[in-house]
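*Asks:* Below are the sequence and a predicted model for it; my questions follow.
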Amino acid sequence: MRYWEDFNAGEVSTFGAYHVSEAEIIEFAEAYDPLPFHTDPEAAKTSPYGRLTAPGLLTCAIFMRMLVDHVLADAASMGSPGVDSVRWPRPVLAGDTLSVRQQILSTRVLASRPEMGLVVNRFEVLNQHGELVCEIASNGLFARRDAAGEARP
């Protein structure tokens, strides 16, 4: 189990290998973002992208799945107070394989809730060519190993 004390500013890690299929893109888009360049491969050919692209929120959902599988499932996660920003500088295409690079920017104990700490992250979602397809700045809350809330050494 990974607690707040186990996350250190400056730490960088990579994880995940998620293959994005055309069927998954279309299924998600038909339900939540039914724009033609997400749902119709033929119509997408005349879009600015020239082919079918994944909705940005599908990319975020895939990122979240990888984060849970590789970090949060074995951590004392207590949720998140929010995402500060999300950017999609390059489209995700059918056949792409995505991975995540996590950089921990800072950590601190919450003054109002000393039993937990905040971890400030920058996540980069990369395709199989190492190209940035999504950038997420977000914050995570984690239980402290010392539930009494004594200061971190």
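*Replies:* Great, that's in hand. Numbers count the residues shown, from 1 in each chain.
*Asks:* where do the helices sit along the chain?
*Replies:* 22-32, 36-39, 41-44, 56-70 (DSSP state H).
*Asks:* who wins for proximity to residue 50 among those helices?
*Replies:* Closest approach to residue 50 among the helices of the chain (C-beta to C-beta): helix 41-44, 7.4 Å. All C-beta spots, glycine's among them, are computed from the backbone N, C-alpha and C.
*Asks:* any residues touching the closest one, and which ones?
*Replies:* 22, 36-38, 50-53 (C-beta atoms under 8 Å, 6 or more residues apart in numbering).
*Asks:* ok so, going back, columns mean pLDDT and mean neighbour count on top of the helices of the chain, output as a markdown table?
*Replies:* Output for the helices of the chain, formatted as a markdown table (pLDDT from 0 to 100; neighbours: other C-beta atoms under 10 Å):
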| stretch | mean pLDDT | mean neighbour count |
| --- | --- | --- |
| helix 22-32 | 98 | 16 |
| helix 36-39 | 98 | 20 |
| helix 41-44 | 97 | 14 |
| helix 56-70 | 98 | 17 |
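*Asks:* Just put these in JSON lines and tack on distance to residue 95.
*Replies:* What follows is the helices of the chain, written out as JSON lines (distance: least, C-beta to C-beta, whole Å):
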{"stretch": "helix 22-32", "distance to residue 95": "8"}
{"stretch": "helix 36-39", "distance to residue 95": "15"}
{"stretch": "helix 41-44", "distance to residue 95": "12"}
{"stretch": "helix 56-70", "distance to residue 95": "14"}
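*Asks:* With respect to residue 15, which of those helices lies nearest?
*Replies:* That would be helix 56-70 among the helices of the chain, by C-beta to C-beta, at 3.8 Å.
*Asks:* report the angle between the axes of that closest one and helix 22-32?
*Replies:* Taking axes from the mean of the first three to the mean of the last three C-alpha atoms, to 10 degrees, helix 56-70 and helix 22-32 form an angle of 120 degrees between their directions.
*Asks:* How far does helix 56-70 sit from its chain's centre?
*Replies:* Relative to its parent chain, helix 56-70 has a centroid offset of 5 Å by C-alpha atoms, centre = their mean, to the nearest Å.
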